[in-house]
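# Got a predicted structure plus its sequence, pasted below:
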Amino acid sequence: MCWTGFFRWNLFDPAPLFDFPLPCMSTSARLIEVLKTVAETDEVERNLDLPLYDSQVLDSMKTVELIVAISEEFGVDISPAEFEREKWATPRLIIADLESRIAG
């Protein structure tokens, strides 16, 4: 479950009380943040169809970094042996692949 905390306002006390859930970022938004960090460019957020390998945003080393970062952020283990470059050709395709892995 993904919640950042619980929050409620009390009219008699200006300090907020934590009481109801505040939603966190979506899986796709979190993945884009991870991808921006690894790729070192915001272009992956602006263009979800950016050809990551053809435009040299990702290479083999950055792909390994991304696999490790995804494992740390989402708890999803991706073996380099099961990695398919075609399934990760664009940010949109990486999102779809990760969401299908999370869904099981």
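Yes, it's here.
# centroid residue for this structure?
Most central in the chain under Cα atoms, centre = their mean is residue 31, positioned 1.1 Å from the mean C-alpha point.
# list the contacts for that residue?
Contacts for residue 31 (Cβ atoms under 8 Å, 6 or more residues apart in numbering) come out as 70, 73-74, 91, 94-95, 98. For every residue, glycine as well, the C-beta is placed using N, CA and C.
# So which bits of stretch 40-56 are buried?
44, 50, 52-53 (16 or more other Cβ atoms under 10 Å).
# Can you lay out these as TSV showing secondary structure, pLDDT and distance to residue 61?
Below are the buried residues of stretch 40-56 laid out as TSV (DSSP: H, G, I helix; E, B strand; the rest coil; pLDDT from 0 to 100; distance: Cβ to Cβ, whole Å):
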residue	secondary structure	pLDDT	distance to residue 61
44	helix	97	17
50	coil	98	19
52	coil	98	13
53	coil	98	12
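# any idea which of those is closest to residue 25?
The nearest member of the buried residues of stretch 40-56 to residue 25, counting by Cβ to Cβ, is residue 44 at 15.4 Å.
# Okay, the closest one and residue 79: tell me how far apart.
Residue 44 sits at a distance of 23 Å from residue 79 (criterion: Cβ to Cβ, to the nearest Å).
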